[in-house]
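Student: sequence and predicted structure below; questions after.
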Amino acid sequence: MAALAVAAVVLLASGAVAAALALRLGFVGTVLAVYLVASAEVVLGAELLSPFHAIGAAGYLGCEIVATGVAVTLWLRAGRPRPKLPRPGVGALRRHPIVVVLGSAVALALLFELFLAITTAPNNWDALTYHLSRAAAWYQNGSLGFFAAHTSRENFLPGNAEIQILYTMVFTHGDRLAALPQFVAEIALLVAIAGIARRLGFGRANALFASLLFATLSEVVFEATTAQNDLVVSAYVVAAAYFILGRSRSDLLLVAVAVGLGFGTKLTAAYALPVLGLLAVLTLPRRRVATVAVASVVAFAALGALVYVEDTVHYGSPLGPASELAGFEPQVTPGNAVSSTARTLYRFVDFSGYDADIRVRVTLLDIGRFAFEKLAINPEPMGATLTPFYYLPSIAANEDISYFGPLGALLLLPLVAGYLGACVFRRAKRTRAIFALAVPLFAVELALTYKYNPWLGRFMIMPVALGLVLAARVYTMRIVAALCATVGILFLAFALVHNVRKPIGFDGTTPVWSLGRDAAEGLVNPGAAQLFQAFDAVVPSHARVGVLFGDDDWDYPLYGPHLTRHLVALGPPESFAEANEQRLDWVVVGNVSASVPTGWAKADLGGWTVLGRPGTAAATRIAAYLLRHAPQREPKASAWVTFG
């Protein structure tokens with residue numbers, strides 16, 4: 001932890017110096033510049049160290065010290081420029097009680113989210129399946145290169161968010177800070193939203209109001225304490241939009257850095273290109289548009305292209321194996337596109353974390369069904385549907401399937417529609433209309449590239465952040481703003497109180513921070529805690545383990561709390577032959593069919609089957625485990641009779 005503290009200070013110092021070199025960007029620009037430069041430094045450091053299998057604390061510290069030295073030298077030569085800092089006034093706060101109350105609630109929530117992020121084990125499905133798994137494999141290999149894995153998602157997807165998780169792992173030798181990249185990204189998003197609102201001409205209080213509302217949205221709250229990547233990619237895209245609205249060369253350079261980082265984080269960054277492109281064309285001179293485009297290509301080559309190059313080499317396509325994408329690709333027809341777009345937007349009717357009266361939900365169900373029928377929209381076209389669609393609004397408090405609470409439908413969608421309508425009649429600035437366009441445009445893009453499924457809410461964080469900038473306009477109507485702030489605070493509380501993956505003791509739950517690691521990870525699915533505990537009881541903490549898992553099995557818990565177990569992915573039908581070649585004494589079989597060789601010790605843990613090579617300590621440990629957990633016989637009834 002001491003090494004991490006030193007590394008963090010050096011990282012922030014280099015970022016701050018680079019921001020100072022950017023010729024007085026202002027407070028928002030400085031914060032975002034530090035965030036982007038620090039992110040780029042972490043990614044570039046990993047890429048430079050990777051060929052030498054040298055990714056580790058020493059390697060990272062060395063890279064950061066060199067980067068800081070270069071930045072300080074350039075800063076001194078530039079005359080020691082200093083970024084502008086804000087000068088808050090107490091009097092201004094007194095004039096805006098709505099912002100003060102909303103800001104206080106959000107500040108408390110952020111502190112609690114930070115507490116959850118650093119004191120609880122990551123326990124979201126995708127994190128246990130591949131996000132954390134690929135970071136752990138990189139940690140053990142000291143390299144970002146391809147490795148044998150039970151799912152190709154550990155290799156072919158862009159990985160800048162996982163590189164940031166890797167950065168925390170090399171200093172903590174575990175995952176205790178694995179959720180920090182998402183949490184920090186939320187802070188960057190709040191700053192960027194406020195900054196964009198200011199550059200669009202809104203007042204400070206208005207801009208702060210819009211930013212704070214974003215922090216109350218249910219899906220944002222849930223994601224902030226996970227090891228996912230949706231907030232991270234959204235932060236880069238929204239930062240790019242902020243810097244496009246700038247005028248200096250430093251702004252344009254930072255646009256390129258943000259775009260490069262975004263494409264290296266998640267493929268959904270591509271959905272933002274039309275919005276960013278329109279914004280650049282409408283606000284920048286043509287020469288600068290060309291400059292931004294060229295700089296973005298260069299930044300992408302440095303900060304995002306590695307995985308696409310590796311995919312091309314290994315799979316023949318920069319997007320990875322066609323088999324992984326085929327299951328999600330829709331049959332594109334006008335009817336299918338309209339249906340998926342409508343379903344995605346309908347999901348904004350959301351009560352995440354709040355057990356709304358069933359009569360209210362059924363009424364909304366009836367309204368939704370009536371609307372789809374009158375508009376002749378097929379709710380489940382076969383060629384564009386991955387999972388069933390439900391008209392009943394969701395109350396789930398789960399980052400995988402939640403949306404944005406009532407403000408999504410009551411505030412954001414009407415606001416977006418109003419700005420787009422006003423733009424048609426030339427009563428709204430085109431620049432603002434572009435931000436209004438983000439939500440419907442993203443919904444259409446998703447409809448053209450993804451079959452409808454319940455997990456699309458995570459993808460919509462990015463356009464929601466862009467669209468919610470326009471909530472700054474709502475603050476001019478103080479009664480409406482007060483109502484929005486009240487709803488936002490209520491559902492912020494509901495999200496924190498009822499989060500199924502991070503329970504805090506309500507409704508008979510046990511606070512997640514008081515659970516053991518296996519129990520916390522086990523919240524991902526019933527029975528998982530017992531499975532993880534049994535595995536830890538059988539398999540030594542430093543064992544080399546052959547893994548024969550299905551594509552959606554959770555392999556991350558196998559690494560152990562300090563990432564000391566080494567996993568070797570095996571593939572049928574030669575899996576056990578490969579286990580012999582690798583001299584593996586342990587093999588664990590997940591949700592796949594496998595023929596167990598004769599003589600191997602076997603323990604069924606209730607989800608995984610652990611095998612031990614005959615004649616080894618592994619077989620002995622399995623035998624001992626089976627003996628300890630053998631069913632106990634019922635004791636014989638006593639023959640003694642007591643007389644009164």
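Tutor: Received the coordinates, thanks.
Student: quick one: end-to-end length of stretch 570-580, please.
Tutor: 11 Å (C-alpha to C-alpha, to the nearest Å).
Student: what's it in contact with?
Tutor: Residues from elsewhere that reach stretch 570-580 (C-beta atoms under 8 Å, 6 or more residues apart in numbering): 148, 546-548, 568, 587, 592, 594-597, 613. (C-beta placed from N, C-alpha, C; glycine too.)
Student: same check on stretch 256-263?
Tutor: 36-37, 39-40, 43, 158, 160, 233, 236-237, 239-240, 243, 269-270, 272, 276, 292, 295-296, 298-304.
Student: sec struct for His562, please.
Tutor: coil (DSSP: H, G, I helix; E, B strand; the rest coil).
Student: so it touches Ser541, yeah?
Tutor: Yes: shown here, His562 and Ser541 form a contact pair, counting by C-beta atoms under 8 Å, at 7.4 Å.
Student: so what's Ala471 closest to, chain neighbours aside?
Tutor: Counting by C-beta to C-beta, 6 or more residues apart in numbering, Ala471 lies nearest to Ala210, which is 4.0 Å off, once chain neighbours are set aside.
Student: also Tyr308?
Tutor: Pro318 is the one closest to Tyr308 (C-beta to C-beta, 6+ apart), at 4.1 Å.
Student: in stretch 444-451, which residues are buried?
Tutor: By 16 or more other C-beta atoms under 10 Å, the buried positions in stretch 444-451 come out as 444-447, 449-451.
Student: ok, the residues you listed vs Glu380, which is closest?
Tutor: Nearest to Glu380 out of the buried residues of stretch 444-451 is Lys451 (C-beta to C-beta; 10.6 Å).
Student: contact partners for the closest one?
Tutor: 327-330, 340, 384-386.
Student: which among those residues gets closest to Arg478?
Tutor: Taking C-beta to C-beta as the measure, Arg478 lies nearest Ser340 of those, at 38.1 Å.
Student: quick revisit: restricted to helices, list the buried residues of stretch 444-451.
Tutor: Counting by DSSP state H, the part of those found in helices is 444-447, 449.
Student: from these, pick the one nearest Ala371.
Tutor: Distance to Ala371 across those (C-beta to C-beta) is lowest for Ala447, with 17.2 Å.
Student: distance check, the closest one against Ser339.
Tutor: Separation of Ala447 from Ser339 (C-beta to C-beta, to the nearest Å): 8 Å.
Student: which neighbours do the two share?
Tutor: In contact with both Ala447 and Ser339: Ala384, using C-beta under 8 Å, 6+ apart.
Student: how far off centre is the helix or strand harbouring Asp366?
Tutor: According to DSSP states H and E, Asp366 maps onto helix 358-374. The chain centre lies 32 Å from the centre of helix 358-374; the measure is C-alpha atoms, centre = their mean, to the nearest Å.
Student: can you name the next helix or strand after that helix?
Tutor: Sequence-wise, the next helix or strand downstream of helix 358-374 (DSSP H and E) is helix 407.
Student: name the helices or strands packed onto that next one?
Tutor: helix 478-498 (3 or more C-beta pairs under 8 Å, 6 or more residues apart in numbering; DSSP states H and E).
Student: turn the buried residues of stretch 444-451 into CSV, columns for distance to Ala179 and pLDDT.
Tutor: Listed next are these as CSV, based on distance: C-beta to C-beta, whole Å; pLDDT from 0 to 100:
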residue, distance to Ala179, pLDDT
Val444, 32, 97
Glu445, 28, 97
Leu446, 26, 96
Ala447, 31, 97
Thr449, 28, 95
Tyr450, 26, 95
Lys451, 29, 96
